[in-house]
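> sequence plus the predicted model coming up.
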Amino acid sequence: MGIGRATETAGVVERLRRLVTLETPSLDPVASAAIADLLGGWFHQAGARVETIPGPAGTHLRLEVAGDGVGEPVLLVGHSDTVWPVGTLAGRVPWSVAGDVVRGPGVYDMKSGLVVMLAALERLRGTAHRPVRIVIVSDEEVGSPTSQELIRAGLDGVAAAIGFESPHPDGALKVGRRGSSRVRLSVQGKAAHAALDPAAGVSAIDELVDQLIEVRRIVGTAGGAGEVLCNAGTISGGGRANVVPDRAECELGLRFLDAGTEREVLDRLRGLRPVRPGARLAMELASHRPAWAAGPADRALAASIGATAAALGRPVGARPAAGAGDTNLIGALGVPTVDGFGPRGGGAHAADEHVLLSSLLERIDLLVAVLRR
């Protein structure tokens with residue numbers, strides 16, 4: 001490794017360390033403002049015009065890099081929040097570098113992707129390259145409830161979009177993603193003594209159980225392409241075994257391959273009605289990322305990036321992914337999109353979260369080549 005490459009690598013690791021050791025759980029406005037300030041300063045030094053957008057969930061960033069001013073910009077999309085609470089560094093997932101493996105909370109999902117963007121722009125500064133727009137949101141891990149309009153606005157006039165979430169395990173890009181919706185079913189019943197006067201009560205838990213059976217039927221009979229994934233992630237309700245429960249709630253995680261099936265299932269869930277007289281049922285769409293089925297423009301973008309990677313001697317494939325992210329919205333709106341441009345690693349949302357430093361450097365090289373004239 002030459003002196004220049006060694007210096008760049010050391011800088012990349014140090015930048016990544018500073019991002020990872022600044023713990024940024026979702027919905028922590030103070031931590032979010034701190035990392036936005038840090039990132040904004042770095043990107044400004046790399047030649048970007050920086051706009052900070054504070055909100056109740058945290059601080060988002062919108063960055064513009066003029067490049068050579070020729071043509072439409074490429075949109076780069078990432079997020080600064082993680083699933084890890086403050087204190088994780090001192091406990092389950094400490095920062096460490098051992099050979100090629102870098103560990104820490106959020107290092108894979110997706111602070112290493114932010115470092116790829118930054119390092120590429122630093123290397124491109126002063127050269128002829130495409131205009132670049134960057135949107136970094138602070139609430140992706142909780143469904144981007146406050147940033148979807150920012151993402152929509154960021155699509156104005158762009159030629160294509162690249163997401164910096166983690167790739168497939170073999171490094172392949174993600175082109176097409178399942179839609180993801182979180183649905184909350186809430187039941188209001190009527191409390192009563194479970195032995196002395198059970199008929200006077202309306203069990204919210206029994207009602208919810210029957211509704212979940214109907215949900216399974218709806219999911220199992222939905223038309224369209226492929227299986228609908230349904231996970232009852234949380235259930236709560238009641239209080240004591242001798243009281244007919246007057247409340248119960250469940251949160252469902254639903255995944256769809258195509259927009260038609262997604263629309264059918266959500267419409268049918270909105271049409272659920274109570275089984276028991278006196279019970280009240282409410283359905284709330286807690287978060288929603290539309291299904292993104294890859295189209296010809298997405299596949300052409302992936303093929304172009306793949307050809308660039310092959311010319312560097314590091315072939316990169318592309319295929320659909322099960323997980324959802326901010327690129328779901330972008331791809332579903334018809335903008336040519338790929339995701340998974342972050343480096344290889346593993347353990348997203350798990351105690352063995354890690355990234356491979358060699359892959360991080362390769363992604364920087366690839367992004368430079370993609371953006372350079």
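Great, that's in hand.

> what about Arg62, which SS state?
Secondary structure state of Arg62, per DSSP: H, G, I helix; E, B strand; the rest coil, is strand.

> quick one, what contacts it?
With contacts defined as C-beta atoms under 8 Å, 6 or more residues apart in numbering, Arg62 is in contact with Glu51, Ile53, Arg133, Ile134, Val135, Leu150, Gly154. Any C-beta I mention is one placed from the backbone N, CA and C, and that applies to glycine too.

> dump those into TSV; add secondary structure and pLDDT as well.
Conversion of those to TSV gives the following (DSSP: H, G, I helix; E, B strand; the rest coil; pLDDT from 0 to 100):
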residue	secondary structure	pLDDT
Glu51	strand	98
Ile53	strand	97
Arg133	strand	98
Ile134	strand	98
Val135	strand	98
Leu150	helix	96
Gly154	helix	97
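
> can you say which of those are buried?
Buried members of these, scored by 16 or more other C-beta atoms under 10 Å, are Ile53, Arg133, Ile134, Val135, Leu150, Gly154.

> widest-spaced pair of those residues?
By the measure C-beta to C-beta, those have their two most distant members at Ile53 and Arg133, which lie 13.7 Å apart.

> can you give me the helices for the stretch 251-373 of the chain?
Applying DSSP state H, counting those that start in this stretch to the stretch 251-373 of the chain gives helices spanning 259-270, 296-311, 327-332, 357-371.

> who are the packing partners of the first one?
Going back to what we said before, that points to helix 259-270. Contact here means 3 or more C-beta pairs under 8 Å, 6 or more residues apart in numbering; DSSP states H and E; on that basis helix 259-270 packs against strand 179-188, helix 204-221, strand 247-256, strand 280-289.

> a markdown table for these, including distance to Ala369, mean neighbour count and mean pLDDT?
Output for the helices and strands packed on helix 259-270, formatted as a markdown table (distance: least, C-beta to C-beta, whole Å; neighbours: other C-beta atoms under 10 Å; pLDDT from 0 to 100):
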| stretch | distance to Ala369 | mean neighbour count | mean pLDDT |
| --- | --- | --- | --- |
| strand 179-188 | 32 | 21 | 96 |
| helix 204-221 | 43 | 17 | 97 |
| strand 247-256 | 34 | 20 | 96 |
| strand 280-289 | 30 | 16 | 95 |
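
> what about Leu27, neighbour count?
16 (other C-beta atoms under 10 Å).

> touching, Ile35 and His79? I think so.
No. Because the distance of 10.4 Å does not satisfy C-beta atoms under 8 Å, Ile35 is recorded as not touching His79.

> what about the two, which has more around it?
More neighbours surround His79 than the other of Ile35 and His79, with 29 against 26 (other C-beta under 10 Å).

> what's the distance between that one and Glu72?
Between His79 and Glu72 the distance is 23 Å, computed by C-beta to C-beta, to the nearest Å.

> before we move on, what about Arg15?
Counting by C-beta to C-beta - Arg15 and Glu72 are separated by 29 Å.

> same deal with Leu212?
As defined by C-beta to C-beta, Leu212 lies at a distance of 47 Å from Glu72.

> repeat that for Ile151.
Spatial separation of Ile151 from Glu72 under the definition C-beta to C-beta is 17 Å.

> which of those two has more neighbours?
For Ile151 against Glu72, the residue with the higher neighbour count under other C-beta under 10 Å is Ile151, and the figures read 22 against 13.

> now find how far off-centre the helix or strand hosting that one is within its chain.
Element membership of Ile151 [criterion: DSSP states H and E] is helix 148-154. Using C-alpha atoms, centre = their mean, to the nearest Å, the distance from the centre of helix 148-154 to the centre of the chain it belongs to is 14 Å.
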